[in-house]
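Peer 1: this is a predicted model, with the sequence first.
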Amino acid sequence: MNKTIIFGQSISWNLLLLSLIVACIPFPIKMGNAAMILGILFVVYQLIVKQIKLDRKKIWSFAIISPILFFILILISALFSQDISAGLKQVEKNLLLILMPFILIGIYPPTKVDREFVIRVFSFASIISFFILFIVAIFRIIGGANFDVLFFHELGAFFDLHPVYIAINLCIAIYFLSFYYKKQVPMSRGALIFLILIISFGLFGLFLCASKVVILVFIPLYFIKLLQGALKKNTLSIILLLILLSNVFVFKSSIVSDRFSDGLTFDIETFQPTSEIALSKVFSNEEKEKISDLELRYLMLKIGTFHLQNDGKLLFGYGIGDVQEYIDYYYMQYGLAPGWFEGYNLHNQYLQYLVTYGALGFTLFIIYLIYSLYFAIKNKESLHLFFLILILTIFLFECVLSRNKGIVIFIFMNTFFMMKYENSFIRN
């Protein structure tokens with residue numbers, strides 16, 4: 001296999017290309033798509049010109065077959081939707097479910113060192129991406145903008161990235177750099193200080209993203225892991241634990257603290273959906289202005305589950321092409337649209353899949369997640385288990401897989417680790 005030398009390390013062209021693909025994940029969608037197209041073309045070139053054969057056992061592995069089956073389900077759902085055009089647009093986005101595994105089959109890194117190099121590249125790319133967004137925000141403030149541009153949606157506006165995806169990327173980067181990186185690379189004191197600064201900056205960025213669910217899940221997991229290291233007198237863990245505690249000052253910002261206090265309030269009257277329009281609770285503008293993020297998710301949960309059963313769509317769902325039209329219709333029934341929440345998904349990945357694909361698609365999705373969780377635990381892969389706990393909890397409050405970046409980060413990370421386990425099984 002041809003190799004090149006980068007920073008004194010011999011790296012195969014396969015590894016170099018995969019590193020390029022993961023390095024583009026934290027950046028704008030066009031960059032990520034361009035890198036993936038390059039990866040697809042390279043794998044096709046290897047198959048046709050070089051006549052390199054793919055491992056059949058890899059192709060038929062659960063890590064590859066599951067996303068393919070789910071993509072087929074999405075395609076069928078789109079074709080049987082009343083609005084086929086809207087359905088096919090979703091199919092186009094969900095092509096990532098099969099394209100990323102296809103790339104990984106063709107250029108999957110064979111050694112532990114190479115696999116950790118890929119995650120290292122992703123981690124530093126995530127930090128660099130946030131650094132660019134932070135610098136852009138600073139220049140906007142210098143140009144007269146207020147400090148809101150440092151937080152939440154405004155922070156990711158330059159790259160058109162939702163703050164949840166920025167926060168997920170930073171969580172993976174922080175966890176990896178804190179507990180894996182030092183084991184891989186011999187470090188001088190200066191390099192260790194630089195690593196601490198990088199991790200601290202990542203933590204700072206995580207708080208600026210102000211994504212409630214990500215922070216509320218990540219901080220306890222990270223704190224426990226650091227505490228375990230500190231009790232073993234690990235210097236890096238002790239320092240990072242102190243830095244984590246000191247980051248509490250970010251919450252003194254009214255923007256961040258208001259998002260947490262306002263978003264997590266729950267003081268809404270019991271809401272009961274109904275099929276009788278005349279009996280429907282219609283929210284006034286004043287009531288809608290006071291609905292917190294948590295209350296909105298409660299309303300969406302009630303609306304989604306009730307009407308799915310009432311409409312007789314429990315088995316197959318509304319269909320990928322029609323689901324948003326139905327959701328918007330019921331938002332209007334309760335006065336939540338127009339002008340307010342029309343176009344919003346249900347902000348719960350599990351519920352969204354149940355409403356869209358019915359019990360059939362929901363069951364397939366849950367089996368895939370349980371299987372992934374089982375193998376992460378069985379193989380004692382801390383990073384994969386951390387990622388799954390993080391992402392599965394976020395699924396309760398966000399439809400991460402409704403956007404390109406969410407699909408890419410989820411399917412890449414999960415397939416990347418699942419292929420590692422199945423490769424080990426095949427060798428054994």
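Peer 2: Cool, got the structure. Here the structure is a predicted model, which means the values were calculated and not measured. Residues are numbered from 1 along each chain as shown.
Peer 1: start to end distance for stretch 153-161?
Peer 2: In terms of C-alpha to C-alpha, to the nearest Å, the two terminal residues of stretch 153-161 are separated by 8 Å.
Peer 1: right, and residue 383 touches residue 175 too?
Peer 2: Yes: using C-beta atoms under 8 Å, residue 383 is in contact with residue 175, at 6.4 Å. Every C-beta, even on glycine, is put in place using the N, C-alpha and C of the backbone.
Peer 1: neighbour count for these two, which is higher?
Peer 2: Neighbour totals were compared for residue 383 and residue 175, and residue 175 leads with 23 against 17 (other C-beta atoms under 10 Å).
Peer 1: how about the strands in this protein?
Peer 2: Taking DSSP state E as the test, the strands found in the chain are 3-6, 9-12.
Peer 1: where does the stretch 251-400 of the chain have low pLDDT?
Peer 2: Applying pLDDT under 70 to the stretch 251-400 of the chain flags residues 251-263.
Peer 1: about what we covered before: hey, least reliable of the strands of the chain by pLDDT?
Peer 2: Out of the strands of the chain, strand 3-6 stands lowest, with a mean of 56 (criterion: mean pLDDT).
Peer 1: ok, residue 266 to residue 294 distance?
Peer 2: Per C-beta to C-beta, to the nearest Å, residue 266 is found 5 Å from residue 294.
Peer 1: one more: residue 54?
Peer 2: Distance, residue 54 to residue 294, by C-beta to C-beta: 47 Å.
Peer 1: before we move on, the earlier item: so which of residue 266 and residue 294 has more stuff around it?
Peer 2: Taking other C-beta under 10 Å, residue 266 and residue 294 do not tie; residue 294 has more neighbours (16 against 10).
Peer 1: these two touch, right, that one and residue 300?
Peer 2: No: taking C-beta under 8 Å as the definition, residue 294 is not a contact partner of residue 300, at 10.9 Å.
Peer 1: how is the protein partitioned into domains?
Peer 2: For the chain, the structural domains run 1-53, 61-108+271-428, 112-264, going by automatic domain parsing.
Peer 1: look up the pLDDT of the closest residue to residue 199 other than its chain neighbours for me, please.
Peer 2: Once flanking residues are discounted, residue 199 sits nearest to residue 177: 5.3 Å by C-beta to C-beta, 6 or more residues apart in numbering. pLDDT for residue 177: 95.
Peer 1: surely residue 177 touches residue 126?
Peer 2: No: judged on C-beta under 8 Å, residue 177 makes no contact with residue 126 at a distance of 9.7 Å.
Peer 1: what comes up buried for stretch 13-27?
Peer 2: Going by neighbour count (16 or more other C-beta atoms under 10 Å), the buried part of stretch 13-27 is 14-27.
Peer 1: give me the neighbour count for residue 306.
Peer 2: Around residue 306 there are 16 residues (other C-beta under 10 Å).
Peer 1: next: residue 329.
Peer 2: Burial of residue 329 is recorded as 12 neighbouring residues (other C-beta under 10 Å).
Peer 1: residues contacting the residue lying closest to residue 223 once chain neighbours are set aside?
Peer 2: Of all residues not flanking residue 223 in the chain, residue 244 sits nearest, at 6.5 Å (C-beta to C-beta, 6+ apart). Going by C-beta atoms under 8 Å, 6 or more residues apart in numbering, residue 244 touches 203, 219, 222-223, 226.
Peer 1: reformat those as a markdown table; add pLDDT and distance to residue 388.
Peer 2: Formatted as a markdown table, the contacts of residue 244 follow (pLDDT from 0 to 100; distance: C-beta to C-beta, whole Å):
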| residue | pLDDT | distance to residue 388 |
| --- | --- | --- |
| 203 | 93 | 21 |
| 219 | 92 | 17 |
| 222 | 94 | 15 |
| 223 | 93 | 19 |
| 226 | 93 | 20 |
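Peer 1: and those, which are buried?
Peer 2: Buried subset of the contacts of residue 244 (neighbour count, 16+ other C-beta under 10 Å): 203, 219, 222, 226.
Peer 1: the second one and residue 25, how far apart?
Peer 2: Residue 219 sits 23 Å away from residue 25, taking C-beta to C-beta as the criterion.
Peer 1: repeat that for the third one.
Peer 2: Separation of residue 222 from residue 25 (C-beta to C-beta) stands at 21 Å.
Peer 1: do the same with the last one
Peer 2: Distance, residue 226 to residue 25, using C-beta to C-beta: 26 Å.
Peer 1: swap in the first one?
Peer 2: Plainly put, residue 203 is 20 Å away from residue 25 if you go by C-beta to C-beta.
Peer 1: give me the number of neighbouring residues for residue 130.
Peer 2: By other C-beta under 10 Å, the residues close to residue 130 number 27.
Peer 1: and it, what is it in contact with?
Peer 2: Each residue near residue 130 by C-beta under 8 Å, 6+ apart is listed here: 26, 166, 170, 201-202, 205.
Peer 1: in these, which residue is surrounded by the most others?
Peer 2: Of all the contacts of residue 130, the highest neighbour tally under other C-beta under 10 Å goes to residue 26, namely 30 neighbours.
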